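**Student:** compute the structure for the input listed below.
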Amino acid sequence: MKQLLVTILVLLTSIYSFAESDTLQVNTSNLCIEVYTMIPQRYSSRTVNDYSLCLKGDTVVCNLPYMGRAYSTSYSEQDAPLTFTLPTKNKEVQQKSGKKPKTTISFTCHKATITYNFKIELLPKGSAYINIIPSNADGISFKGDYKTE
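**Tutor:** Numbers count the residues shown, from 1 in each chain. Coordinates of the predicted model:
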């Protein structure tokens with residue numbers, strides 16, 4: 001009987017602590033995601049190294065690889081399509097609580113004639129998913145781990 005009471009007490013304590021941690025609190029204004037998987041629309045996923053996406057206030061620092069089909073090209077750009085530092089626009093942060101808490105950050109940025117739509121999902125154990133849709137090319141997704149500074 002005593003062992004049953006101890007077991008019930010342990011279960012109640014763990015349920016209470018789980019109920020307390022049903023929200024995800026992340027500093028979305030100073031965030032860096034280290035990317036380890038690239039998921040293009042038209043090709044199979046690939047493991048990548050030394051790529052990242054950082055949010056610093058209202059600025060995105062993007063250093064990501066790209067694979068996909070471009071619908072139009074911009075001849076004025078000399079660097080890679082997903083390598084830039086640009087101000088963000090229309091930034092929205094949504095937090096979902098409950099059994100599967102997550103934080104979603106969405107924003108756009110403009111580089112020459114191209115508009116990039118970003119959607120970032122942050123999960124409780126440090127995982128992140130990035131979805132980028134350029135206005136002139138196929139969309140691409142990434143998986144990685146995030147940390148706040």
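
**Student:** where does this protein dip in pLDDT?
**Tutor:** Judged by pLDDT under 70, the chain has its weakly predicted residues at 1-25, 27, 73-80, 149.

**Student:** so which residues of it form helices?
**Tutor:** For the chain, the helices defined by DSSP state H cover 2-20.

**Student:** how close does the residue nearest the centre of the chain get to S72?
**Tutor:** Closest residue to the average C-alpha location of the chain: I120 at 3.2 Å, with CA atoms, centre = their mean. Counting by CB to CB, to the nearest Å, the gap from I120 to S72 is 26 Å. For the C-beta atoms, the positions are set from N, CA and C on the backbone; glycine is no exception.

**Student:** same check on T108?
**Tutor:** From T108 to S72 the distance is 18 Å (CB to CB).

**Student:** what of S106?
**Tutor:** Applying CB to CB to S106 and S72 gives a distance of 24 Å.

**Student:** when these two are compared, which one has more neighbours?
**Tutor:** Each of S106 and S72 has its neighbours counted (other CB atoms under 10 Å); S106 has more, 16 against 9.

**Student:** my read: that one touches E92, true?
**Tutor:** Yes: using CB atoms under 8 Å, S106 is in contact with E92, at 5.1 Å.

**Student:** so who does N49 touch?
**Tutor:** Residues in contact with N49 (CB atoms under 8 Å, 6 or more residues apart in numbering) are Y36.

**Student:** please apply the same query to L31.
**Tutor:** L31 touches 54-55, 122, 146-149, counting by CB under 8 Å, 6+ apart.
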